[in-house]
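Asks: structure of the sequence below:
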Amino acid sequence: MGRSDERVIRVPPQAIELAKRFEGFHRVPKHDPNRAYPYICPAGYPTIGYGHLCDPKHPPITEGEAEAYLAQDLKVALAATLRYCPVLATEPQGRLAAIVDFTFNLGAGRLQTSTLRRRVNQRDWDASARELRRWVYGGGRVLPGLVTRREAEVALLLITERR
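Replies: Numbering: from 1, shown residues only. Below you'll find the model as predicted:
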């Protein structure tokens with residue numbers, strides 16, 4: 001197959017919306033409202049902007065810089081998602097968006113070793129939804145924000161319309 005025949009799969013807009021909804025443009029102080037500063041995410045990692053992992057001494061960034069980090073991070077999550085769940089390339093865009101957001105949030109390693117990956121590749125969407133709902137813990141406790149995020153992902157995963 002030549003390059004012109006290959007389908008280019010872009011980050012689904014729903015994945016971008018989820019990431020922005022649940023990550024937010026964090027740590028914008030009142031005295032410097034246009035800049036974000038590093039913060040420690042609930043999992044204990046230094047983060048900046050829209051959930052971008054960083055050095056704790058990272059300089060403040062603008063919202064434009066946060067958007068650029070987010071775009072790159074979502075491209076990485078998309079590539080990993082398609083590598084580990086190739087069936088998503090032919091599924092409705094919402095399903096791809098749900099798992100890209102999961103991968104963005106938790107990392108490719110978690111997807112790679114998960115039962116979620118097996119269920120997605122089996123196209124068992126109800127079981128995949130159950131697996132997503134298991135990933136709600138941070139620091140050994142259920143985090144309400146993760147419960148809400150996983151439910152948003154489940155809603156996209158269970159959409160049955162084609163692209």
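
Asks: show me the contact partners of the longest helix along the chain.
Replies: In the chain, ranked by residue count with DSSP state H as the criterion, the top helix is helix 63-84. Residues outside helix 63-84 that contact it (CB atoms under 8 Å, 6 or more residues apart in numbering) are 9-11, 15-16, 19-20, 23, 25, 34, 36, 48-52, 61, 88-89, 96, 99-101, 103-104, 108, 111-112, 117. All C-beta spots, glycine's among them, are computed from the backbone N, C-alpha and C.

Asks: buried sites along that helix?
Replies: Neighbour-count burial for helix 63-84, counted by 16 or more other CB atoms under 10 Å, picks out 65-67, 69-70, 73-74, 77-78, 80-82, 84.

Asks: before we move on, which element is the residue nearest the centre of the chain in?
Replies: Relative to the mean C-alpha position of the chain, the nearest C-alpha, by CA atoms, centre = their mean, is the one of Asp101, at 2.2 Å. Taking DSSP states H and E as the definition, one finds Asp101 inside helix 93-106.

Asks: that helix vs helix 63-84, what angle?
Replies: With axes from the mean of the first three to the mean of the last three CA atoms, to 10 degrees defining the directions, helix 93-106 sits at 110 degrees from helix 63-84.

Asks: run through this protein and note the low-pLDDT ranges.
Replies: Per-residue confidence of the chain (counting by pLDDT under 70) places the weak regions at 1-7, 160-163.

Asks: which stretches of it form strands?
Replies: Listed in chain order, the strands of the chain (DSSP state E) span 35-36, 39-40, 46-48, 52-53, 61-62, 137-138, 141-142.

Asks: what number of residues lie near Arg35?
Replies: Neighbours of Arg35 under the rule other CB atoms under 10 Å: 18.

Asks: I misspoke; the intended subject was Pro33.
Replies: 7.

Asks: any chance of the backbone angles for it?
Replies: phi -70, psi -10 (degrees, to the nearest 10).

Asks: could you check how far it is from Thr62?
Replies: 11 Å (CB to CB, to the nearest Å).

Asks: repeat that for Pro13.
Replies: With distances taken as CB to CB, Pro13 is found 22 Å from Thr62.

Asks: more neighbours: those two, which one.
Replies: Neighbours were counted for Pro13 and for Thr62 using other CB under 10 Å; Thr62 has more, 13 against 10.
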